[in-house]
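Enquirer: Predicted model and sequence follow; I will ask about them next.
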Amino acid sequence: MEYPIYLDYNATTPVDPEVLKVMIPYFSTLYGNASSRSHPYGWVAEQAVELARDQLSSLIGARSKEVIFTSGATEAINLGIKGVFEHYKGEEQHYISCVTEHKAVLDTLESIRLKGASVTILPVKSNGDIDLDLLESNITPKTKMICLMWANNETGVIHPIDKLIKIAEKYQIIFFTDAVQAVGKIPVDVKGVHLLALSGHKFYAPKGVGALFIRHNHHLPKPIAMIEGGGQEKNFRSGTLNVPGIVGLGAAAELASQVMYEESERLIKLRDYLEMRLTAIQGTVLNGSQTLRLPHVSNVTFEGVEGDEFLRAVNQHVAVSSGSACTSISPKPSHVLAAMGIESELGRSSLRFSLGRMTTKEEIDQVVKNVIDTYHSLLL
């Protein structure tokens, strides 16, 4: 089978060969359980986990003890939000987020709303930015958490994290950020952040492993565990640790710290070149803020074509998406683009291009040709 050119790195990334090389022994010869502390097999596994914890914490500016390994960002988000809700159980609780968050956040907030929490979902501007004055005006004495993503998975828009941290500190509120699309791609520093979720498979680690950063030595509370059992991960998340996956996550974090800046510059040039070529076509519009965004993401609307048909035709040659991978099975237009005021029909005919380490200039030229040819063949 001849695969299309892959430009869906926001959905997932391949495991980097260097990462895979480090992981392999922990599937076979070094197969110990990290909780088996009475013999060398367990000791080796535990040491590998702690090294990975050091590697990941170094990437995000945390202390090792503040990193809790999970099965991925969705679990980390559930632990962060539901765990805080459980801590404040019996009190009136208010949470603030925004409409362009990932469904993992929005659905989890809806879950605690059904259990009695008050939830404010803020709108966004037409470029995907949030109104900080509106955010601040919605804070009440009952507000427990501000939950806003670091960078948007569909448009690449980066929220002003420093300003959000200052607002949270001013009112002594927990600030929780879904940093899935930011960690390993742009500099991330958890200073001032209370909770941060990340996922390994978004930056060349394997699927099925992620982490939750939990700020220590602060008077604001930590979340209560959602999974109980053996007391692993400092009692925040019980369950036998995925040692090979965690080793891979650590190795990917270390690799990201080494190549991030150079790779970011390379991807910005490729992304800008892609956008220049595509937006030169009559009937195309670039979506999202053009001032502060991820270096590798472009979201483009193609007017005058039927969305599902266009996506299927483009995917014969180029693997792209029309939104989040978690919602790509839905025929509905992107909730992110809808929140930005983009009409349903145009939202469905929008494509997200997300570039990665393996993307080349030659591939971009081929992508542009295939997309343009497909677009012109389907124009209504």
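Expert: Nice, I can see it.

Enquirer: Can you read off the pLDDT for residue 1?
Expert: For residue 1, the pLDDT comes out at 73.

Enquirer: So what's the residue count around it?
Expert: Applying other Cβ atoms under 10 Å, we find 2 residues neighbouring residue 1. Every residue, glycine included, has its C-beta placed from N, CA and C.

Enquirer: what do you get for residue 224?
Expert: Neighbour count of residue 224, defined by other Cβ under 10 Å: 17.

Enquirer: give the contact list for the closest residue to residue 367 other than its chain neighbours.
Expert: Here the nearest residue to residue 367 in space, its sequence neighbours aside, is residue 318; by Cβ to Cβ, 6 or more residues apart in numbering that works out to 5.0 Å. Residues in contact with residue 318 (Cβ atoms under 8 Å, 6 or more residues apart in numbering) are 4-5, 7, 367, 370-371.

Enquirer: what bridges to residue 318?
Expert: Listed by DSSP bridges, the beta-bridge partners for residue 318 are residue 5.

Enquirer: Could you tell me what pLDDT the model assigned to it?
Expert: On pLDDT, residue 318 comes in at 97.

Enquirer: so where is this structure shaky, pLDDT-wise?
Expert: Residue ranges of the chain with pLDDT under 70: 323-331, 380.

Enquirer: Tell me where the longest helix sits in it.
Expert: Across the chain, the longest stretch assigned as helix under DSSP state H is helix 243-279.

Enquirer: What lies in contact with whichever helix or strand comes after that helix?
Expert: For helix 243-279, the following helix or strand on the C-terminal side (DSSP states H and E) is strand 284-286. Strand 284-286 has contacts (Cβ under 8 Å, 6+ apart) with 275, 278-279, 298-303, 346.

Enquirer: Could you rerun that using 7 Å?
Expert: Strand 284-286 has contacts (Cβ atoms under 7 Å, 6 or more residues apart in numbering) with 275, 278-279, 298, 300-302.

Enquirer: and the residue lying closest to residue 221 once chain neighbours are set aside, what does it touch?
Expert: The spatially closest residue to residue 221, leaving aside those adjacent along the chain, is residue 87, at 4.7 Å (Cβ to Cβ, 6+ apart). By Cβ under 7 Å, 6+ apart, the contact list for residue 87 reads 221, 223-224.

Enquirer: ok so, going back, in PyMOL, how would I select the buried members of the contacts of residue 318?
Expert: Buried residues among the contacts of residue 318 (16 or more other Cβ atoms under 10 Å), as a PyMOL selection:
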select buried, resi 4+5+7+367+370+371
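
Enquirer: mind putting the contacts of residue 318 in a markdown table, distance to residue 35 included?
Expert: Formatted as a markdown table, the contacts of residue 318 follow (distance: Cβ to Cβ, whole Å):
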| residue | distance to residue 35 |
| --- | --- |
| 4 | 43 |
| 5 | 43 |
| 7 | 41 |
| 367 | 47 |
| 370 | 50 |
| 371 | 50 |
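
Enquirer: Pick out whichever of the contacts of residue 318 sits closest to residue 123.
Expert: Among the contacts of residue 318, residue 7 lies closest to residue 123 (Cβ to Cβ), at 29.6 Å.

Enquirer: residue contacts, the closest one?
Expert: Residue 7 touches 318-320, 353-355, 359, 367, counting by Cβ under 7 Å, 6+ apart.

Enquirer: Which phi and psi values does it adopt?
Expert: In terms of degrees, to the nearest 10, the main-chain angles of residue 7 are phi -130, psi 50.

Enquirer: what's near enough to touch the residue lying closest to residue 183 once chain neighbours are set aside?
Expert: What sits nearest to residue 183 in space, not counting adjacent residues and going by Cβ to Cβ, 6+ apart, is residue 198, at 4.3 Å. Contact analysis of residue 198 by Cβ under 7 Å, 6+ apart lists 73, 179-180, 183, 210-211.

Enquirer: By neighbours, which of those residues wins?
Expert: When neighbours are taken as other Cβ under 10 Å, the top entry among the contacts of residue 198 is residue 211 (32 neighbours).

Enquirer: hang on, the earlier thing: columns distance to residue 143 and secondary structure on top of the contacts of residue 87, output as CSV?
Expert: Below are the contacts of residue 87 laid out as CSV (distance: Cβ to Cβ, whole Å; DSSP: H, G, I helix; E, B strand; the rest coil):
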residue, distance to residue 143, secondary structure
221, 14, coil
223, 17, coil
224, 19, coil
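
Enquirer: CSV for these, including distance to residue 124?
Expert: Shown next, in CSV, are those (distance: Cβ to Cβ, whole Å):
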residue, distance to residue 124
221, 29
223, 27
224, 31
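
Enquirer: Nearest to residue 193, out of those residues: which one, please.
Expert: Relative to residue 193, the closest of these is residue 223; by Cβ to Cβ it sits at 13.8 Å.

Enquirer: I'd guessed the closest one sits against residue 77; true?
Expert: No. Taking contacts as Cβ atoms under 7 Å, residue 223 lies outside contact range of residue 77: 10.7 Å.

Enquirer: what sits against residue 121?
Expert: 97-99.

Enquirer: how far away is it from residue 162?
Expert: Residue 121 sits 23 Å away from residue 162, taking Cβ to Cβ, to the nearest Å as the criterion.

Enquirer: Please apply the same query to residue 189.
Expert: Counting by Cβ to Cβ, the separation of residue 189 from residue 162 is 10 Å.

Enquirer: before we move on, what about residue 220?
Expert: Residue 220 sits 18 Å away from residue 162, going by Cβ to Cβ.

Enquirer: Please say which of these two ends up with more neighbours.
Expert: residue 220 (16 against 10).

Enquirer: Could you give the bridge partners of the residue nearest to the more buried one when sequence neighbours are not counted?
Expert: Among residues not flanking residue 220 along the chain, residue 174 sits closest, at 5.3 Å (Cβ to Cβ, 6+ apart). In this entry, residue 174 is beta-bridged to residue 145, by DSSP bridges.
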